[in-house]
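Chemist: Can you look at this prediction? I've put the sequence above it.
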Amino acid sequence: MRYLLVVSLVILIILGGITGYVLLFENSQQGELKEYVLIVEKGDNLYTIAKKLKSNGIIESEFAFVILGRLWGIDRKLVPTAYKFNNAMSVFKIVDDIANERIYTIKVTVPEGSTMYQIDKIFAEKGLIERGDILRVVTNRSIVEKYGIKSDRLEGYLFPSTYFVPFYYKGKPVEIVDMMVKAFFRKVNRVEYERMARDVGLTFEQAVTLASIIEKEAGKPKEEKYLVSSVFHNRLKRRIQLASCATVIYGLVDKGIWHDNNLKKWHLSYDTPYNTYIRVGLPKSPICNPSLESLKAAVMPANTDYLYFVSKNDGTHIFSKTYKEHMEYVRIYQIDYWKYRR
């Protein structure tokens, strides 16, 4: 009798072990592969998450998930975020992903020199926001003031980079903007940058504005940024208009009247707070979100007497000190160049 009881107990233990293994390490779900994005909301716990996974066909046993989750301690690590699972994954794999915070992210690349209008489009095309969402956030005065920036917008402070955006930020443009502004201030030490800006006669915000113009005007070699910077610094000191086409274009975009990507003569005399052909000094705010190199160039200009530069049509520019010299280069690299290519 005792022998039969021992044998029965051993069999039960073996069956229990097999069942536990299947529940924890294998997934017996059959049929079509299902994917599910688990959104962990504030207040969620192991039981609510287990129900979500079960009701969406990702796990079979809520009990197995809860027990393993407790053993892994994930009940103490739950924060609002998102994970992507499928019904071919074991409970062990699911719990391990949560324990190790392998959150579901979407890769978004914001190129250097992107404007807030372009950034809004980039994130909308990734399905993270609706068009206009980021524009509403970056022009919200109370949000701008939160970062201690003296401007009417966060243009210039949305750091261009490749981001792995938590899926949980979907529909949350405030969090997306905050992510980018914080990236800017991780790259730029505000106290140090403000000191460097002051040394060249600029405020913190003016330096970022100048960096944005340099970003749009400078050619391919990064060394050119420092030469372009010297031209603008020299013009600012002499109270000469910066005469940057990039600022004119931004003003037209901001007014909603830039449509065919073709800068016309009348555009240069159309007054906006960004038109540096008719206004002396810097525009009222940045015209794009500059690279780190352009930010450096704005406060570390090359030591030159240059006042002009013109494109050589190969991604580089030629610089000059006098208007006469400049006009000769305009004739060579612009007028004659394009005349012989018609």
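Modeler: On my side now, so go ahead. Residues are numbered from 1 along each chain as shown.
Chemist: which stretches of this protein aren't confidently modelled?
Modeler: Counting by pLDDT under 70, the ranges of the chain that qualify are 1-31, 336-342.
Chemist: Give me the domain ranges for it.
Modeler: In terms of domains, the chain is parsed into 25-99, 105-187, 204-306 (source: automatic domain parsing).
Chemist: So which residues of the stretch 101-250 of the chain form strands?
Modeler: Listed in chain order, the strands of the stretch 101-250 of the chain (DSSP state E, counting those that start in this stretch) span 105-109, 162-166.
Chemist: of all those, which lies closest to residue 172?
Modeler: Residue 172 lies closest, by Cβ to Cβ, to one member of the strands of the stretch 101-250 of the chain: strand 162-166, at 9.2 Å. All C-beta spots, glycine's among them, are computed from the backbone N, C-alpha and C.
Chemist: pretty sure residue 245 is touching residue 263, no?
Modeler: Yes - the pair residue 245 / residue 263 is scored as a contact, 5.9 Å apart, by Cβ atoms under 8 Å.
Chemist: I'd like the domains of the chain laid out as JSON lines, including distance to residue 197.
Modeler: Formatted as JSON lines, the domains of the chain follow (distance: least, Cβ to Cβ, whole Å):
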{"stretch": "domain 25-99", "distance to residue 197": "37"}
{"stretch": "domain 105-187", "distance to residue 197": "13"}
{"stretch": "domain 204-306", "distance to residue 197": "4"}
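Chemist: Kindly reformat those as JSON lines containing mean neighbour count and distance to residue 193.
Modeler: Below are these laid out as JSON lines (neighbours: other Cβ atoms under 10 Å; distance: least, Cβ to Cβ, whole Å):
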{"stretch": "domain 25-99", "mean neighbour count": "16", "distance to residue 193": "32"}
{"stretch": "domain 105-187", "mean neighbour count": "18", "distance to residue 193": "10"}
{"stretch": "domain 204-306", "mean neighbour count": "19", "distance to residue 193": "6"}
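Chemist: Residue 196 is nearest to which of the ones you listed?
Modeler: Smallest distance to residue 196 across these (Cβ to Cβ): 4.0 Å, for domain 204-306.
Chemist: And stretch 238-249, end to end?
Modeler: 24 Å (Cα to Cα, to the nearest Å).
Chemist: next one: stretch 83-97
Modeler: Stretch 83-97 has an end-to-end distance of 8 Å (Cα to Cα).
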